[in-house]
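**Student:** okay, here's the prediction I keep looking at, along with the sequence it came from:
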Number of protein chains: 2
Amino acid sequence: MKVYFTFEPREDLRKPLVEEFPQMEFIFEQRITEDVLRDAQVLVTYGEDLDEEKIAVAEKLEWIFVASAGVEKMPAQAIADRGIYVSNVRGIHKKPMAESVLAHILSLKRGLPSIYEQQARSEWNKRIRLTELNGSTALIMGPGAIGQEIGRILQAFEVHTIGINSSGEMASYMNETFTMQDLMEHLPKADIVISMLPSTEKTKGLLTREHFAAMKDNAIFMNFGRGDLVDETILVEALTQKLIAHAVLDVYMEEPLPPHSPLWKMDNVTVSPHLSSHSSRYVERSLEIFKPNLLKWAAGERELENEVNILRGY
Amino acid sequence: MKVYFTFEPREDLRKPLVEEFPQMEFIFEQRITEDVLRDAQVLVTYGEDLDEEKIAVAEKLEWIFVASAGVEKMPAQAIADRGIYVSNVRGIHKKPMAESVLAHILSLKRGLPSIYEQQARSEWNKRIRLTELNGSTALIMGPGAIGQEIGRILQAFEVHTIGINSSGEMASYMNETFTMQDLMEHLPKADIVISMLPSTEKTKGLLTREHFAAMKDNAIFMNFGRGDLVDETILVEALTQKLIAHAVLDVYMEEPLPPHSPLWKMDNVTVSPHLSSHSSRYVERSLEIFKPNLLKWAAGERELENEVNILRGY
């Protein structure tokens, strides 16, 4: 069986893979070539190098493993017509993202911004106000795979977790789960409000001034979902009026965040440049997902992890 | 029964206490007065306002609750001679300290220092090298109450924890525990080396250049125990020669850290001004420990939590 990678993993990741599957023929290239594609049964790609002609050339192709969460740049109809199996690395962002969220929360609670600033001035000053995470309540809007991973770790810190989703169905690692209709009722309980919501018709502009007014005045608001959840004018106003204590933002209405945005200079805002899911271990993680599935595939199994309905797009 | 506090908890903490024990008479003062002391059976103090004369005046005193970990400023012999029961708030630093340690680790892994610096320059730059905590190995020197709490949380982050103590006896939340003699053998495995060791004859100058040479060159070294664990000249040299990647320090040979110390200006050092155990919830936590013990005391029990042998000093 020929397995074709259209990117080149580092030697220390490639070698164990090749050794683990001696019966397979692996080809690693930093690009896609039709000669190799013609004979490949398995294609491992970031999902941006395919088109209808390439699918036509890839006569023996049975499985495309996409080392990315998005498949929107792939020729969906051509792939579906041929019945080629598609799976991806859904969930790969879960751990790095949860660690970023926890890093920001703990940094604020334990005074790291002040510690760093004082060090820059060679200043020894123990009078920084430090608080604690344990015993707090966190409200997580959109407790999907990433939100649940955040919930799992927050619970280890003895934080009470409230999930808010569209159905109100119980989500893992949430002490309680409610529907979006109940949001206003539960916001006043939360010390930390975290949004992991995607951008949909329902989430655009979902948060209004009233929501921020309902939050505790010492609450931390974190947006790690999508920037259109709240109009930034409303957010800036809420922060200026100290309706909440701090906002940590990884996503924005416009990205890159424009240089003139007031958010940059607000001392109760952390501007993270939409990188909280990044990780130097991305390829390593992709291979961790790929390998057990390649084993299944070689054994004739056709129900793999993270199957993608290519026409639906996820 | 008269309970005498020689400090004044905030109203929101004092009120529930008084309400919970209607049978007790509480007196709260920001100082110690002999008139009140004369009738008190229970004294709640930070442990710095007592001397032999006061103990002599306190004829009815049966229990001293020290809202501090140290009892070294108390008149030990006079207290022991009278058979006055002493207990303290041992363990109160566990949670804030563990949260500080985790804050620093996650901050470095998830690029917070760079994120903060870029924000100060209104700079949008996603090319920060981010790594992950999960899957790492942490070596904890001195896995006592605080070290075990750090271990508990690290394990929630899927970190392998190695404890190093004097006996090699298994400590909670350590995947493995070894003796100090085996330190050199296990240092090369650790991505994070954390010392929580106190200052004793055995720990002074314990870490040498060879220890840092044995660590991974991408290791983070954290000293949250006592500053005399390692000669700072050795530490500075190890960091300059990149034997390790970063040091996070909360304790120093001399405190405050002198302005001329090279540690202040090193970009692979975090200087925290010995405050990692601080918390605005200190009094709240002390009362959390005090209340169940007061209940026991009132019921005639004489085996309380955190009993202190005043002559031994802990």
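**Tutor:** Nice, thanks for sending it over.
**Student:** shouldn't A:G163 be within a helix?
**Tutor:** No. Assignment of A:G163 by DSSP: H, G, I helix; E, B strand; the rest coil gives strand, placing it outside any helix.
**Student:** now the nearest residue to A:D191 once chain neighbours are set aside: phi and psi?
**Tutor:** The spatial neighbour of A:D191 that comes closest, neighbours along the chain excluded (C-beta to C-beta, 6 or more residues apart in numbering or on different chains), is A:S136 at 3.9 Å. In this view, the C-beta of every residue, glycine as well, is placed from N, C-alpha and C. Note on A:S136: backbone dihedrals following degrees, to the nearest 10 are phi -80, psi 170.
**Student:** kindly report the same for A:H160.
**Tutor:** When read as degrees, to the nearest 10, the backbone of A:H160 gives phi -80, psi 120.
**Student:** contacts only, for the residue nearest to A:D191.
**Tutor:** Taking C-beta atoms under 8 Å, 6 or more residues apart in numbering or on different chains as the contact definition, A:S136 lies against A:V159, A:H160, A:D191, A:I192.
**Student:** out of these, which is most surrounded?
**Tutor:** A:I192 (27 neighbours; other C-beta atoms under 10 Å in any protein chain shown).
**Student:** number of nearby residues for the closest residue to it other than its chain neighbours?
**Tutor:** Of all residues not flanking A:I192 in the chain, A:A138 sits nearest, at 4.3 Å (C-beta to C-beta, 6+ apart). Neighbours of A:A138 under the rule other C-beta under 10 Å: 27.
**Student:** assign a three-state SS to A:P258, would you?
**Tutor:** The three-state assignment at A:P258 reads coil, by three-state DSSP.
**Student:** quick one: it from chain B, how far?
**Tutor:** 9 Å (C-beta to the nearest C-beta, to the nearest Å).
**Student:** okay, and which of the contacts of A:S136 map to strands?
**Tutor:** A:H160, A:I192 (DSSP state E).
**Student:** for the contacts of A:S136, work out which two are farthest apart.
**Tutor:** A:H160 and A:I192 (10.5 Å; C-beta to C-beta).
**Student:** pull up the overlap in contacts between these two.
**Tutor:** A:S136, A:T137, A:A138.
**Student:** looking at those residues, which is nearest B:A58?
**Tutor:** Nearest to B:A58 among the shared contacts of A:H160 and A:I192, with distances taken as C-beta to C-beta, is A:S136, at 39.6 Å.
**Student:** give me the pLDDT for the closest one.
**Tutor:** A:S136 carries a pLDDT value of 97.
**Student:** if we can go back for a sec, same list (the contacts of A:S136) but as JSON lines, adding pLDDT.
**Tutor:** Shown next, in JSON lines, are the contacts of A:S136 (pLDDT from 0 to 100):
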{"residue": "A:V159", "pLDDT": "98"}
{"residue": "A:H160", "pLDDT": "98"}
{"residue": "A:D191", "pLDDT": "98"}
{"residue": "A:I192", "pLDDT": "98"}
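**Student:** now, which of the contacts of A:S136 sits nearest chain B?
**Tutor:** Of all the contacts of A:S136, A:V159 has the smallest distance to chain B: 11.1 Å, by C-beta to the nearest C-beta.
**Student:** from memory that closest one sits against A:I140, does it?
**Tutor:** No. Using C-beta atoms under 8 Å, A:V159 makes no contact with A:I140, being 10.3 Å away.
**Student:** what is the neighbour count of the nearest residue to A:L249 once chain neighbours are set aside?
**Tutor:** The shortest distance from A:L249 to any non-neighbouring residue, by C-beta to C-beta, 6+ apart, is to A:N223 (5.2 Å). Neighbours of A:N223 under the rule other C-beta under 10 Å: 24.
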